[in-house]
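Colleague: attaching a predicted model along with its sequence, questions to come.
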Amino acid sequence: MQDGTAIGFGAGTRIRVETRVLGNTKQFVHLIREPDPGRVLEEVDAAGFSTTTFTVEPAEQGKAASVTIQTRFRVRPGLLGSVERVVTVAMLRRIYKQELARLDHYAATVDSGHSIRRP
């Protein structure tokens, strides 16, 4: 289970994320960076635990887009780290699937003017 709140929009946004894994609840603060505005967005854990990169590439002569989500994260050494890695990867796959479905839904409902409306 994951819940989050955001303060801001785009680069500089701060996000508080609460995640429950195996009965334990953890809170994280993530910061948003845009190293390549309009194409690459990074969600960086303020504690340095992880960085998630969202990369958008044009497809079908600009009529569609391909989105890649990739997370780099630190795990503890040893057996506990191995278990942590397996659990984290499984959780992230589920989250990514949901996120890509949300993006697909948004893309299907936004007008074809190729502009993103900012709040």
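Modeller: Looks like it came in fine. Residues are numbered from 1 along each chain as shown.
Colleague: residue closest to the middle of this protein?
Modeller: Thr52 (5.5 Å; Cα atoms, centre = their mean).
Colleague: quick check: it touching Thr88?
Modeller: No - the criterion here is Cβ atoms under 8 Å, and Thr52 misses it with Thr88 at 11.8 Å. Where C-beta positions appear, they are placed from N, C-alpha and C, glycine not excepted.
Colleague: which helices and strands does the longest strand along the chain pack with?
Modeller: Looking across the chain with DSSP state E, the single longest strand is strand 24-36. Applying 3 or more Cβ pairs under 8 Å, 6 or more residues apart in numbering; DSSP states H and E, we find strand 24-36 packed against strand 14-21, strand 40-45.
Colleague: name the residues of the first one that are buried.
Modeller: Neighbour-count burial for strand 14-21 flags 15, 17, 19 (criterion: 16 or more other Cβ atoms under 10 Å).
Colleague: what angle do whichever helix or strand Arg93 is part of and strand 14-21 make?
Modeller: For Arg93, the host element (DSSP states H and E) is helix 78-109. Calculated by axes from the mean of the first three to the mean of the last three Cα atoms, to 10 degrees, helix 78-109 forms an angle of 120 degrees with strand 14-21.
Colleague: tell me the average confidence for helix 78-109?
Modeller: Averaged over helix 78-109, pLDDT sits at 88.
Colleague: name the helices or strands packed onto that helix?
Modeller: Helix 78-109 packs on strand 14-21, strand 64-73, going by 3+ Cβ pairs under 8 Å, 6+ apart.
Colleague: would you list these in JSON lines and tack on mean pLDDT and distance to Ala47?
Modeller: What follows is the helices and strands packed on helix 78-109, written out as JSON lines (pLDDT from 0 to 100; distance: least, Cβ to Cβ, whole Å):
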{"stretch": "strand 14-21", "mean pLDDT": "82", "distance to Ala47": "12"}
{"stretch": "strand 64-73", "mean pLDDT": "90", "distance to Ala47": "11"}
